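show me how the following folds:
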Amino acid sequence: MKRMVTILLSLLLMLSLLTACGGQSKLQDGYYTAQAAEFNFGWKEYITILVKGGNIISVEYNAENPSGFIKSWDNAYMQTMLHTNGTYPNEYTRYYASQLLEGQGEGSIDAITGASSSHGTFQMLAQAVLEQARQGDSSIVFVDTTH
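A predicted model of the protein is given here:
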């Protein structure tokens with residue numbers, strides 16, 4: 001009988017440890033933002049996610065200039081980048097954001113040719129914002145995105 005109680009208590013202890021470890025990786029509900037610490041070529045990239053029910057339900061990835069103007073709204077920049085790089089901010093920001101949403105932070109994010117620098121920044125920001133969501137820390141995290 002004593003042995004049975006010991007085994008039962010050991011199983012309960014292991015179950016509680018597994019539950020506690022599983023809770024650390026679960027995303028906490030709320031809004032979370034990771035932002036580049038510095039402007040790069042006049043833009044500061046950021047990711048904001050909304051987590052509800054432990055799942056990412058919304059992802060916004062973009063960049064803003066010092067006046068707060070959003071990069072994907074800049075038509076002149078879009079035309080220039082499209083002709084030189086074959087892509088533009090409104091295309092690659094939506095693409096990267098949709099991959100993060102679909103993979104729920106677990107899958108890899110494929111790079112788009114012509115937006116590889118933003119891909120690297122996106123990867124760093126995504127890691128930071130997911131860590132914030134795991135901790136339930138809704139303060140903005142600033143990330144050194146120089147690469």
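
against Asp137, how distant is Leu82?
37 Å (Cβ to Cβ, to the nearest Å). Every residue, glycine included, has its C-beta placed from N, CA and C.

and Thr93, by the same measure?
Thr93 is 24 Å from Asp137, by Cβ to Cβ.

so for these two, which sits in the more crowded spot?
Thr93 (23 against 13; other Cβ atoms under 10 Å).

so who does the residue positioned nearest the centre of the chain touch?
Centroid-nearest residue in the chain, with Cα atoms, centre = their mean: Ala126, separated by 2.5 Å. By Cβ atoms under 8 Å, 6 or more residues apart in numbering, the contact list for Ala126 reads 34, 47, 100, 105, 109.

same check on Met81?
87-89, 114.

now, which of those residues sits nearest Val51?
Closest to Val51 out of the contacts of Met81 is Pro89 (24.8 Å), distances taken as Cβ to Cβ.

can you tell me how far the closest one sits from Ala133?
From Pro89 to Ala133 the distance is 24 Å (Cβ to Cβ).

how about the helices of the chain, start to end?
Applying DSSP state H to the chain gives helices spanning 2-25, 75-85, 89-103, 116-135.

wait, Ser25 touches Ala133, no?
No - with contacts counted by Cβ atoms under 8 Å, Ser25 stays clear of Ala133, the gap being 10.3 Å.

so if I had to pick from these two, which one is more boxed in?
Remark: of Ser25 and Ala133, Ala133 carries more neighbours, 24 against 10, as counted by other Cβ under 10 Å.

show me where pLDDT drops low in this protein?
Low-confidence segments of the chain (pLDDT under 70): 1-24, 147.

got a list of what Ala34 touches?
With Cβ under 8 Å, 6+ apart, Ala34 has these contacts: 46-47, 125-126, 128-129, 132, 140-143.

what do you get for Ile109?
Per Cβ under 8 Å, 6+ apart, neighbours of Ile109: 96, 99-100, 103, 119, 122-123, 126.
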